[in-house]
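Novice: dropping a prediction and its sequence here:
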Amino acid sequence: MKVLFAESHNLDRPDPVGSHHYIQLFKEVGYDCLWLGPAVSPMHIFKWDELNRYRFKVWQSGVQEVEGIKWLVPFTLLFYYNRPLLRSLFAGRRQYRFCLPPLGKTLSEINFNDVDLLWCAGPAAYSLLDLVPHRLSCYRLADRLDKFSGIPPNVVELQQDLIKRVDFVLATSRNLWEWAKSIRQDHVHYLPNGVSDQFFEKGRLKPDDFPQDKRPVAVYVGTIDTRFDLDTVSEAVLKMEDWHFLLIGKVTDFKLMPGLNKLAERDNLTMLGPKPYHQLPAYLQHSSTGLIPFRLNELTEAVNPIKYYEYLASGLPVVAPPMRELTEMQGPLHPYSDADKFSLMIREALDEGKEKRAMLTEFASGHTWRARFKEIEKIISEFGI
C-alpha cells in the first residue's frame with residue numbers, strides 16, 4: 001500500500017503539523033510513504049533565505065529518507081505564488097505539470113507512479129489528481145487560506161475545485177466543515193487536530209532556560225503571527241508582576257517585534273524562540289497555565305488549535321478567548337472576553353488542584369492523533385481499500 005502526501009511544509013520541520021503525525025501513523029500500519037514537496041522554482045532563487053537554500057539542497061540530493069519516509073522536493077518552472085502571472089488560476093491548477101525532470105518520470109523511478117491514497121494538504125496539489133494515478137484521494141482542509149494576507153486572492157476558487165474533485169474531505173474545524181459542506185454534500189468529515197503521545201509522558205526535567213524565579217509560569221507555545229493578541233498579553237505582563245510569562249515559538253509577524261522586545265526588557269517575560277518539538281513537554285510540565293491569546297476574527301474562528309490539546313495533555317489549564325472550536329467542544333477552558341478577564345482567568349486557572357488537572361489529561365487522552373487516525377482508517381475502509 002502506498003500513500004503520497006502533497007505538502008507545503010518540509011518533512012523534517014521542527015514543529016510538526018497534522019500531516020507529519022498522520023504520515024508517521026500510515027508508516028506504522030505498513031504503508032510505503034512519500035512526502036512530496038514543498039516545490040522549489042526559479043522564483044525562489046530571488047528569495048535566497050535559509051529555508052529556500054535548504055530546500056534547494058534537498059532537491060539537489062534527490063530522494064531523501066527521514067525516519068523511514070521518502071521525501072522528494074520537486075523543481076517546477078511554474079510556482080503558485082502571490083506575484084503577477086504566478087497568482088493566476090492557470091498556475092495554481094498546473095504547478096506540478098511543469099516540473100524538471102517531469103514529475104511522472106521521477107515518481108516512476110521510485111515506484112510511486114501509482115498510489116493507493118493521494119493526500120492533498122494544499123490547493124496546489126490540484127494538478128496531481130490528473131498526474132498521479134491513484135485509487136483514492138483526500139483533501140485535509142486545515143485553513144481558509146483566503147483569510148491569510150499575502151495569499152493569491154483566487155485561492156478560494158482553487159480550494160473549492162479541490163474540495164469538489166477529491167474522494168473525501170477532512171475538515172479540522174466546524175467552520176471549515178460547514179464551508180466544505182456548502183460546496184459538496186457527501187464525504188465531508190469533521191476531524192479536528194490531536195495531540196502526540198509524548199505530551200502525556202511525565203517526569204521531564206526542568207529545562208535550563210526555564211524561568212528560575214519561582215513565580216507561576218503562564219506559557220504560550222506556537223508561532224507568533226498575526227493571530228497573536230500582543231495588546232492583551234502586554235497588559236497582563238505589566239499588571240501581573242507576580243507571574244512569569246514564557247513565549248516559545250518563532251515570530252513571523254515582524255510588526256510585533258518592537259512591542260515584544262520592549263516587553264522582554266521586563267523581568268517577568270521570557271522569549272525563548274522556537275524549540276525542538278521533543279523538548280516542548282518539559283516546558284509545559286513545569287508551567288502553571290497554557291495561553292492561547294488569539295484575536296477573534298474570521299481566521300481564528302476556523303482554527304482548531306493543536307496547542308489546546310498539548311496543554312491539556314500536560315495537565316495545564318487553558319486560558320483562551322471563546323473561539324468557536326473551543327467553546328463548542330465543551331472541553332476544559334478558562335475563556336476571557338477582554339484584557340482584564342484575561343488576567344483574571346490566568347489567576348483562576350492556578351487554583352485548579354491535582355484532581356482537576358488529572359481530568360484535563362483524561363480529556364486530552366480522547367483526542368490523540370492515534371484516535372484521529374482510526375477515524376481515517378474507517379473512512380478509507382468504506383471505499384474498499
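Specialist: That came in fine, so what should we check first?
Novice: for the stretch 201-350 of the chain, which segments count as helices?
Specialist: 230-239, 257-263, 280-285, 306-313, 324-329, 339-350 (DSSP state H, counting those that start in this stretch).
Novice: what's in contact with stretch 36-52?
Specialist: 4-10, 55-56, 59, 72-79, 81, 83, 86, 95-96, 99, 124, 128 (CB atoms under 8 Å, 6 or more residues apart in numbering). In short, each C-beta sits where N, CA and C put it, glycine included.
Novice: one more pass at 7 Å, please.
Specialist: 4-10, 55-56, 59, 72-77, 79, 81, 86, 95 (CB atoms under 7 Å, 6 or more residues apart in numbering).
Novice: restricted to strands, list the residues you listed.
Specialist: When DSSP state E is applied, the contacts of stretch 36-52 are split such that 4, 5, 6, 72 fall in strands.
Novice: which residues does residue 174 contact?
Specialist: Applying CB under 7 Å, 6+ apart, the residues near residue 174 are 190, 324, 325, 328.
Novice: distance of the nearest residue to the third one once chain neighbours are set aside from residue 159?
Specialist: Ranked by CB to CB, 6 or more residues apart in numbering and with sequence neighbours excluded, the top spatial neighbour of residue 325 is residue 304, at 4.6 Å. From residue 304 across to residue 159, the span is 17 Å (CB to CB, to the nearest Å).
Novice: ok, back up a step: now the contacts of residue 174 in TSV, with distance to residue 146?
Specialist: Below are those laid out as TSV (distance: CB to CB, whole Å):
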residue	distance to residue 146
190	20
324	18
325	19
328	23
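Novice: greatest separation within those residues: which pair is it?
Specialist: Spanning the widest gap among these are 190 and 324, at 12.5 Å by CB to CB.
Novice: wait, residue 385 touches residue 135, no?
Specialist: Yes - between residue 385 and residue 135 there is a contact under CB atoms under 7 Å: 6.0 Å.
Novice: who's more crowded, those two?
Specialist: Applying other CB atoms under 10 Å to residue 385 and residue 135 shows that residue 135 carries more neighbours, namely 16 against 13.
Novice: show me what contacts that one?
Specialist: Residue 135 makes contact with 116, 385, according to CB under 7 Å, 6+ apart.
Novice: quick one: name whatever helix or strand follows the helix or strand hosting it.
Specialist: Using DSSP states H and E, the element containing residue 135 is strand 134-141. Remark: after strand 134-141, the chain's next helix or strand is helix 155-165, criterion DSSP H and E.
Novice: and that next one, what does it pack against?
Specialist: The contact analysis (3 or more CB pairs under 7 Å, 6 or more residues apart in numbering; DSSP states H and E) places helix 155-165 against helix 89-94, helix 174-183.
Novice: what mean pLDDT does the last one have?
Specialist: Yep, that's helix 174-183 we're talking about. Mean per-residue pLDDT for helix 174-183: 97.
Novice: next one: the shortest one
Specialist: The predicted model assigns helix 89-94 a mean pLDDT of 94.
Novice: so what's the gap between that helix and the chain middle?
Specialist: The chain centroid and the centroid of helix 89-94 are separated by 24 Å, computed with CA atoms, centre = their mean, to the nearest Å.
Novice: and what of the last one?
Specialist: Centroid separation for helix 174-183 versus its chain: 19 Å, with CA atoms, centre = their mean.
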